[in-house]
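Enquirer: Show me how the following folds:
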Amino acid sequence: MLVCFEGIDGTGKSTQATLLEQRINEKAPGTAIRVAEPTNSPHGTKIREAMMGAKERLSFDEELDLFVQDRKYNVEHNIEPALAAGKAVILDRYYFSTAAYQGTSGRLSWQEIIDINERFAPRPNVLLVFFLPVDEALQRIDKDAKDAKRGSRSYMERKDTLEKVQAAFRDIHDSGRYDSHAIDAARPVGELQGLIWSIYQDHARKQRS
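Expert: Here you go, the predicted model:
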C-alpha cells in the first residue's frame, strides 16, 4: 500500500509519517518504509541546496525538472521495489507537493503537473492532506528553524506562497480524484496518530478483502 502525507511546511506531517512507519513495523517488523522527498539523489540534493541557499526561486522549468527527475529516482529505487516486496510505502511528500508549490507560478496548473508525474509515478492508495492556518504553520517553522539553528526561512516558506499552496492542496483534496482525507493538523499529536492509524487499518482491510 502506498500512503502519501501532504501539506504545507509546519503542519507536522513528517512527524505523523514517522509515527505510522514505526507503528506498522512494531506490528510486523520490516513491512513498512518511509521515504521523504526530495530524496538524497543528486537531483534532490540540488533542490535542497537551492531552497536553503537562494534568495530567489530557480526558474520554473529548472525547478520542475529537478523535482520530476528526483521523483523518477524515488519511484525506481525506493517505491516500486518496496511495493513489489509487499511493503507499505509511506511518502513524506510526493507529486502533490510539486503540483501545489510549483503550480503557484502560473505556468502550469496543479492538474497539469500531476498529469506529468502520473505518467511514471504510481498513484497512492491513501492521500492524507494536512491543513493548518498559515500563521500557525509559520510559527512552527520559525521555532523549528531556531531549534535547529537553521537561519531564515526558505523561499518556499513565505506567507503569501504558503497561502497559495494550501489553497492548491485544498483543491486537490476536493477534486475527488483520490482517496483523500483532510487532516486537522491543529489537533494533538497523539490524537492525530490514532486517527491516521485507524485510516490506515481501514484501507489495509479493504486491500485484503
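
Enquirer: Can you report how many residues neighbour residue 105?
Expert: Number of residues near residue 105 (other Cβ atoms under 10 Å) recorded here: 15. C-beta here means a position set from N, CA and C on the backbone, and glycine is covered the same way.

Enquirer: what's the neighbour count on residue 146?
Expert: Count around residue 146 with other Cβ under 10 Å applied: 10.

Enquirer: what's the helix or strand hosting it packed up against?
Expert: Using DSSP states H and E, residue 146 sits within helix 134-147. If you count contacts as 3 or more Cβ pairs under 8 Å, 6 or more residues apart in numbering; DSSP states H and E, helix 134-147 packs onto helix 159-174.

Enquirer: Now do the next helix or strand after the helix it packs on: which elements does it pack against?
Expert: Next in sequence after helix 159-174, counting helices and strands by DSSP H and E, comes strand 180-184. Contact partners of strand 180-184 among helices and strands, from 3+ Cβ pairs under 8 Å, 6+ apart: strand 126-131, helix 159-174, helix 189-208.

Enquirer: hmm, try it at 10 Å
Expert: strand 2-7, strand 126-131, helix 159-174, helix 189-208 (3 or more Cβ pairs under 10 Å, 6 or more residues apart in numbering; DSSP states H and E).

Enquirer: most packed of those?
Expert: The highest mean neighbour count among those, using mean count of other Cβ atoms under 10 Å, belongs to strand 2-7: a mean of 25.

Enquirer: Which residue, other than its chain neighbours, is closest to the spatially most central residue of the chain?
Expert: The C-alpha lying nearest the average C-alpha coordinate of the chain belongs to residue 93 (Cα atoms, centre = their mean; 1.7 Å). Spatial nearest neighbour of residue 93, excluding adjacent residues (Cβ to Cβ, 6 or more residues apart in numbering): residue 37 at 4.3 Å.

Enquirer: Can you report how many residues lie near residue 76?
Expert: Using other Cβ under 10 Å, residue 76 has 12 other residues around it.

Enquirer: Just list the residues touching it, thanks.
Expert: The contact partners of residue 76, by Cβ atoms under 10 Å, 6 or more residues apart in numbering, come to 41, 120.

Enquirer: Mind doing that once more with 7 Å?
Expert: By Cβ atoms under 7 Å, 6 or more residues apart in numbering, the contact list for residue 76 is empty.
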